[in-house]
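A.B. asks: turn this into a structure:
(one chain, ligands or ions: 2)
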Amino acid sequence: MTAAARGTGTFITFEGIDGSGKSTQVKRLADHLLANGHEVVLTREPGGSPGAEEIRALVLQGDPDRWSAETEILLFTAARRDHLERTILPALAAGKIVICDRFADSTRMYQGLSRGDLRGVVDQLHTLMIGHEPDLTILIDMDPGVGLSRALSRQTVDERFEAFGEDLQKAMRQGFLDLAREFSDRFRVIDGARDMDAVAGDIADLVSAELA
Ligand code: ADP
Ligand code: TYD
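C.D. replies: Ligands and ions are numbered 1, 2, ... in the order given. Purely as a prediction, here's the structure:
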């Protein structure tokens, strides 16, 4: 989608394995941009609109085998469509910076890779129902062992995917790095295995460069 079609806003997404520091860093970036006078909408997936938050509970809670792989792709895509219509596109049309914790790249990875090769199905549905890509995607890369222990220490109810364990996280890490090469025009890879301030500083610098 061209910038003109969705106004003058900027769409920034964060990706990475569970526990890599996305939620921490989206807040740090939003605070930094707000302090510099930007209008910012901070949002997340799955979720980010009332309807999509309801779907979030369906996909993240309960038995890991609750949904077939195909049904899960449909649920994540339904949530994304609602989020896009009601939250993301209106904010971009109003010229705001939208910062989103996960987006379609997470579906390419988790639903596309974790239960067989369904990447083609994910891509077809994305083209049909979503059809928007971020201007900038920040991949926070780090060792899956560290990420998983950080994620598990949070003890949330959203544990369907965290229950898949370290092997899946290893495949996801490599998959995200491959995706960063596939979409090298919009992806930037950040080393997440450092203290929060160092990671936040690098992200602020690269977003400033992008906005300039
Ligand atoms: P994600 O959203 O990617 O799952 P979070 O931002 O929720 O990750 O971070 C997971 C946990 O690790 C949180 O308890 C958070 O406070 C902690 N954390 C985040 N970034 C760092 C960091 N750079 N160093 C150490 N701990 C961190
Ligand atoms: P999230 O709340 O970002 O978890 P975390 O903070 O641990 O990274 O996302 C919850 C889970 O949802 C996460 O394990 C990845 C999964 N997920 C998918 O499987 N597909 C998707 O399209 C999205 C957006 C998330």
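
A.B. asks: ok, the most centrally placed residue in the chain to residue 208 distance?
C.D. replies: Among the residues of the chain, the one closest to the centroid is residue 102, at 1.0 Å (Cα atoms, centre = their mean). Distance of residue 102 to residue 208, computed by Cβ to Cβ, to the nearest Å: 23 Å. The C-beta positions use only the backbone N, C-alpha and C, and glycine is treated the same way.

A.B. asks: please apply the same query to residue 202.
C.D. replies: Distance of residue 202 to residue 208, computed by Cβ to Cβ: 11 Å.

A.B. asks: looking at these two, which is more packed in?
C.D. replies: residue 202 (17 against 12; other Cβ atoms under 10 Å).

A.B. asks: leaving out sequence neighbours, find the closest residue to that one.
C.D. replies: residue 190 (5.5 Å; Cβ to Cβ, 6 or more residues apart in numbering).

A.B. asks: and the helix-or-strand element of the chain with minimal mean pLDDT, what does it pack against?
C.D. replies: Across the helices and strands of the chain, mean pLDDT, DSSP states H and E gives its lowest value to helix 144-152, namely a mean of 81. Packing contacts for helix 144-152, counted by 3 or more Cβ pairs under 8 Å, 6 or more residues apart in numbering; DSSP states H and E, involve helix 166-182.

A.B. asks: now do the helix it packs on, average pLDDT.
C.D. replies: The pLDDT scores in helix 166-182 average 92.

A.B. asks: and stretch 114-131, by the same measure?
C.D. replies: On average, stretch 114-131 scores 95.

A.B. asks: for the strand or helix carrying residue 79, list every residue counted as buried.
C.D. replies: Element membership of residue 79, judged by DSSP states H and E, is helix 69-83. Counting neighbours by 16 or more other Cβ atoms under 10 Å, one finds that the buried residues in helix 69-83 are 72, 73, 75, 76, 77, 78, 79, 80, 81, 82, 83.

A.B. asks: would you mind listing what in this protein touches ligand 2?
C.D. replies: Residues of the chain lying close to ligand 2 (Cβ under 6 Å from any ligand atom) are 18-19, 22-23, 45-46, 60, 76, 101-102, 106-107, 110-111, 151, 158, 161-162.

A.B. asks: narrow the residues you listed to those in strands?
C.D. replies: residue 101 (DSSP state E).

A.B. asks: tell me, which of the residues of the chain next to ligand 2 make contact with ligand 1?
C.D. replies: For ligand 1, the contacts drawn from the residues of the chain next to ligand 2 by Cβ under 6 Å from any ligand atom are 18, 19, 22, 23, 151.

A.B. asks: so what's the fourth one closest to, chain neighbours aside?
C.D. replies: Distances taken as Cβ to Cβ, 6+ apart place residue 101 nearest to residue 23, at 5.8 Å, with adjacent residues excluded.

A.B. asks: please apply the same query to the third one.
C.D. replies: For residue 22, the nearest residue in space outside its immediate sequence neighbours is residue 14; the separation is 4.4 Å by Cβ to Cβ, 6+ apart.

A.B. asks: show me what contacts the one you found?
C.D. replies: Going by Cβ atoms under 8 Å, 6 or more residues apart in numbering, residue 14 touches 22, 25, 26, 99, 100, 101, 102, 137, 138, 140.
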